[in-house]
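Student: Output the structure for:
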Amino acid sequence: MSDTRRPRVWITGPVVEAALADLRAIADVTVRQIPETASLDEMRAGAVGMSAIIPISGGRVDGSVMDAAGPGLKVVANFGVGYDNIDVAAATARRIPVTNTPDVLVEATADAAFGLLIAAGRRFGEGQTAMLENRWQWAQGLLWGQEVFGSTLGILGLGRIGAAVARRAQGFGMRVLYHSRNRKPEAEVSLRAEYCSFEELIRQSDFLSLHCALRPETRHILNAAALAMMKPTAVVVNTGRGGLIEQSALIEAVRNKQIAGAGLDVTDPEPPSPDDPILHTPGIFVIPHLGSASVAARQGMTRLSAGNALAVLTGRSPLTCVNPEVLS
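Tutor: Below you'll find the predicted structure:
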């Protein structure tokens with residue numbers, strides 16, 4: 001029988017069980033064994049009486065979920081580097097630390113971004129469809145793609161993941177341009193990256209990879225007007241957040257050959273419905289948010305999110321707090 005004095009932790013989706021041992025030693029941990037994102041009603045119901053919530057797959061934690069948990073909620077330890085699924089302002093108002101999992105998923109996500117760059121640029125998705133439809137032939141004009149080696153890569157948001165993608169680009173002899181809120185002089189030297197304005201970035205890029213955080217000012221930063229300025233041979237890659245792109249405008253841009261294509265790990269909404277045109281537009285290659293889906297990254301994310309919860313529940317400061325003002 002569980003000790004009612006022990007903290008209670010709710011994890012809203014499957015994680016690496018072996019990484020929970022330390023947390024289970026001091027708390028009663030409930031893991032929702034359903035991979036799909038929990039609805040807001042499920043989040044409220046599951047949060048009742050919890051000391052810590054570890055949301056998986058972007059489960060929404062707003063003020064109503066925090067209030068459902070009650071005054072005993074001590075921490076929201078997000079499973080992911082992005083935390084736009086959490087109302088940080090509401091948590092801060094309630095003096096609840098919010099944490100995330102940076103660093104541990106950088107290389108896996110950069111691998112996925114570069115994989116999408118190649119797959120979308122070389123039209124691998126359309127090629128597989130052609131093969132399944134018995135159109136397996138080498139022919140002039142069939143599925144010509146964009147050359148990756150020696151092309152220009154534009155990176156929007158040169159943070160940890162953006163920089164990791166730039167490192168990979170060096171092996172492909174690519175010219176690297178970037179735009180971020182702040183210039184990165186050291187990265188400009190180490191990565192041979194050139195800073196430019198947002199407009200110049202989208203005009204010059206053969207491949208444009210999105211790595212900025214989703215904020216009000218970046219929502220739909222790649223909209224119809226921006227897409228219209230891109231090269232007709234350009235390819236967009238998004239492993240950040242689906243809301244960075246005006247999705248209907250992207251679909252139209254690819255259909256009308258304003259740009260050559262796109263490789264997406266994220267969509268808006270997510271997941272898309274099976275009949276969403278984002279899944280059925282030739283030239284748009286979509287994978288189901290697999291950016292951090294490597295064994296090492298998911299193990300690291302579980303350890304870090306559980307470690308953040310453990311730290312707070314044992315009276316210590318969390319390792320990666322995104323609202324540190326609540327700790328003072």
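Student: Let me see the ranges of the strands in this protein.
Tutor: Assigned by DSSP state E, the chain shows strands spanning 8-11, 28-31, 52-54, 75-77, 98-99, 152-156, 175-179, 193-195, 207-210, 235-238, 261-264, 284-286.
Student: In CSV: these, plus mean pLDDT.
Tutor: Formatted as CSV, the strands of the chain follow (pLDDT from 0 to 100):
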stretch, mean pLDDT
strand 8-11, 98
strand 28-31, 97
strand 52-54, 98
strand 75-77, 98
strand 98-99, 98
strand 152-156, 98
strand 175-179, 98
strand 193-195, 98
strand 207-210, 98
strand 235-238, 98
strand 261-264, 98
strand 284-286, 98
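Student: Which one, of the ones you listed, ends up nearest to Ala110?
Tutor: strand 207-210 (9.4 Å; Cβ to Cβ). Any C-beta I mention is one placed from the backbone N, CA and C, and that applies to glycine too.
Student: what does the closest one rub up against?
Tutor: Strand 207-210 is touched from outside by 113, 117, 121, 146, 148, 151-157, 162, 165, 174, 201-202, 221-222, 230, 234-240, 244-245, with contacts defined as Cβ atoms under 8 Å, 6 or more residues apart in numbering.
Student: quick check: domain ranges of the protein?
Tutor: What automatic domain parsing lists as the domains of the chain is 8-104+295-327, 106-286.
Student: who's in contact with the helix or strand of the chain with the lowest mean pLDDT?
Tutor: Using mean pLDDT, DSSP states H and E, helix 124-132 stands out as the lowest-scoring helix or strand of the chain, at a mean of 90. With Cβ under 8 Å, 6+ apart as the test, helix 124-132 has contacts from 118-119, 136, 142-143, 282-285.
Student: Next, work out how far apart the nearest residue to Arg298 once chain neighbours are set aside and Pro35 are.
Tutor: Nearest residue to Arg298, sequence neighbours excluded (Cβ to Cβ, 6 or more residues apart in numbering): Val16, at 5.9 Å. To Pro35, Val16 is 13 Å away according to Cβ to Cβ, to the nearest Å.
Student: thinking Cys321 is in contact with Pro97, fair?
Tutor: Yes - using Cβ atoms under 8 Å, Cys321 is in contact with Pro97, at 5.1 Å.
Student: The two: which is more packed in?
Tutor: Pro97 (25 against 19; other Cβ atoms under 10 Å).
Student: now the helices for this protein?
Tutor: Secondary structure of the chain (DSSP state H): helices located at 21-26, 40-47, 63-69, 88-93, 106-121, 124-132, 160-170, 185-190, 198-204, 224-228, 247-255, 295-313.
Student: Those: which one's closest to Ile56?
Tutor: Nearest of the helices of the chain (Cβ to Cβ): helix 295-313, 8.7 Å.
Student: what's the closest non-adjacent residue to the residue positioned nearest the centre of the chain?
Tutor: Nearest residue to the geometric centre of the chain (Cα atoms, centre = their mean): Gly240, 4.1 Å. Nearest residue to Gly240, sequence neighbours excluded (Cβ to Cβ, 6+ apart): Leu210, at 4.7 Å.
Student: Now render the helices of the chain as CSV, adding mean neighbour count.
Tutor: Listed next are the helices of the chain as CSV, based on neighbours: other Cβ atoms under 10 Å:
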stretch, mean neighbour count
helix 21-26, 14
helix 40-47, 18
helix 63-69, 20
helix 88-93, 16
helix 106-121, 23
helix 124-132, 15
helix 160-170, 21
helix 185-190, 13
helix 198-204, 17
helix 224-228, 16
helix 247-255, 19
helix 295-313, 22
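Student: Below-threshold pLDDT in this structure: ranges please.
Tutor: Applying pLDDT under 70 to the chain flags residues 1-4, 137-141.
Student: coming back round to it: let me have the strands of the chain in JSON lines, adding distance to Leu327 and mean neighbour count as columns.
Tutor: Listed next are those as JSON lines, based on distance: least, Cβ to Cβ, whole Å; neighbours: other Cβ atoms under 10 Å:
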{"stretch": "strand 8-11", "distance to Leu327": "20", "mean neighbour count": "24"}
{"stretch": "strand 28-31", "distance to Leu327": "24", "mean neighbour count": "16"}
{"stretch": "strand 52-54", "distance to Leu327": "16", "mean neighbour count": "28"}
{"stretch": "strand 75-77", "distance to Leu327": "11", "mean neighbour count": "30"}
{"stretch": "strand 98-99", "distance to Leu327": "11", "mean neighbour count": "26"}
{"stretch": "strand 152-156", "distance to Leu327": "32", "mean neighbour count": "25"}
{"stretch": "strand 175-179", "distance to Leu327": "33", "mean neighbour count": "22"}
{"stretch": "strand 193-195", "distance to Leu327": "34", "mean neighbour count": "18"}
{"stretch": "strand 207-210", "distance to Leu327": "32", "mean neighbour count": "27"}
{"stretch": "strand 235-238", "distance to Leu327": "33", "mean neighbour count": "30"}
{"stretch": "strand 261-264", "distance to Leu327": "37", "mean neighbour count": "27"}
{"stretch": "strand 284-286", "distance to Leu327": "39", "mean neighbour count": "23"}
